[in-house]
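Peer 1: with the sequence up front, the predicted model follows.
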Amino acid sequence: MIRWIRVAVALVLVLALSASVYWGYTLFLLATGLIVLGVAYGWPRLTDSPQPRATSIMLALFGVGGLYAAWQDSTAPYLDWQPVLAGLGLLWTFVQNLTRGIGASYAVANVSAQVSGLVIVLSASTWVAAITVPGDKEAIVIGLASLIVAQCMTALPWPAIYTSPLAIAMSTAVAGILSVLVFAPAISLAMALVLGVIMGLLVAAVDRMLGLVAYAKFQAANLEASQNIEVKKNVEKARSFAVQLALGAAPIALGGVVVYALERVAS
């Protein structure tokens, strides 16, 4: 049942993005900001960061900075500042982890996890770049619909050997149906099918790579030190929600890269 929390999170974010495509650029930017904040809060809890608050602040700052940079960039490819932000984020990550001391445990794992989170929050800015690319925006709506359908399939209580192919098949089918019945001839069937396949693969991959982390043992010292069972339960519930928040928001952030790339190819 808890796996459906990520679907609910994804549905809220997808609806916000889909609606704001037609309501205005500023609203779309704000909706994309929700994705950044979701990943920023959930990612350190998903990866059991020893510095969750500092990591959340770092991811939120760079994610919002990436959105603002893409918003202000009026010339293609609309992502000129992303490499700069990525470099600064990498520097921040090393400095932040050095403050834990030279002999800190899990140093490599924590740096790798934080850099991965940085990549995801910066990927969210590609949604802003995608809506800036001249042309129709049907690919954005189709991509978002494919994402939410694929997330629903991966949340089914079946083994991944069934849910992963089902996610790919259903996201592809939905993309094809929308392109033919709703958005024809603004987007070709071939492009829609490619978009659906890639979105399904993306969601299935995130589910397989990160989904099992939701059931991993805690590294957090406060859980090990706590002697109060009720306190442990409350912390476990809070972490569980944060994990599902990250798992729901991460594929949407990464999906912007796919939509942006296809729009650039097609334009």
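Peer 2: Looks like it came in fine.
Peer 1: host element of Asn97?
Peer 2: Using DSSP states H and E, Asn97 falls within helix 82-98.
Peer 1: mind giving me the packing neighbours of that helix?
Peer 2: If you count contacts as 3 or more C-beta pairs under 8 Å, 6 or more residues apart in numbering; DSSP states H and E, helix 82-98 packs onto helix 52-72, helix 107-123. Heads up, the C-betas are built off the backbone N, CA and C, glycines and all.
Peer 1: roughly how far does Ala145 sit from Gly65?
Peer 2: Distance check for Ala145 against Gly65: by C-beta to C-beta, to the nearest Å, it reads 29 Å.
Peer 1: please apply the same query to Thr75.
Peer 2: On the measure of C-beta to C-beta, Thr75 and Gly65 end up 19 Å apart.
Peer 1: neighbour count: those two, which is higher?
Peer 2: It is Gly65, of Thr75 and Gly65, that has more neighbours when counted by other C-beta atoms under 10 Å, with 20 against 7.
Peer 1: quick check: closest non-adjacent residue to that one.
Peer 2: Leu85 (5.7 Å; C-beta to C-beta, 6 or more residues apart in numbering).
Peer 1: what about the helices in the chain?
Peer 2: Here the chain has its helices, by DSSP state H, at 3-23, 25-46, 52-72, 82-98, 107-123, 125-132, 138-154, 160-181, 189-210, 221-225, 229-266.
Peer 1: how far off centre is the second one?
Peer 2: Which is helix 25-46. 8 Å (C-alpha atoms, centre = their mean, to the nearest Å).
Peer 1: next, the angle from it to helix 107-123.
Peer 2: Helix 25-46 and helix 107-123 meet at an angle of 170 degrees, taking axes from the mean of the first three to the mean of the last three C-alpha atoms, to 10 degrees as the criterion.
Peer 1: other SSEs contacting helix 25-46?
Peer 2: helix 3-23, helix 52-72, helix 107-123, helix 125-132, helix 229-266.
Peer 1: now do the same contact list for the residue lying closest to Ile131 once chain neighbours are set aside.
Peer 2: Among residues not flanking Ile131 along the chain, Phe28 sits closest, at 5.6 Å (C-beta to C-beta, 6+ apart). Taking C-beta atoms under 8 Å, 6 or more residues apart in numbering, we find Phe28 in contact with 17, 20-21, 127-128, 131.
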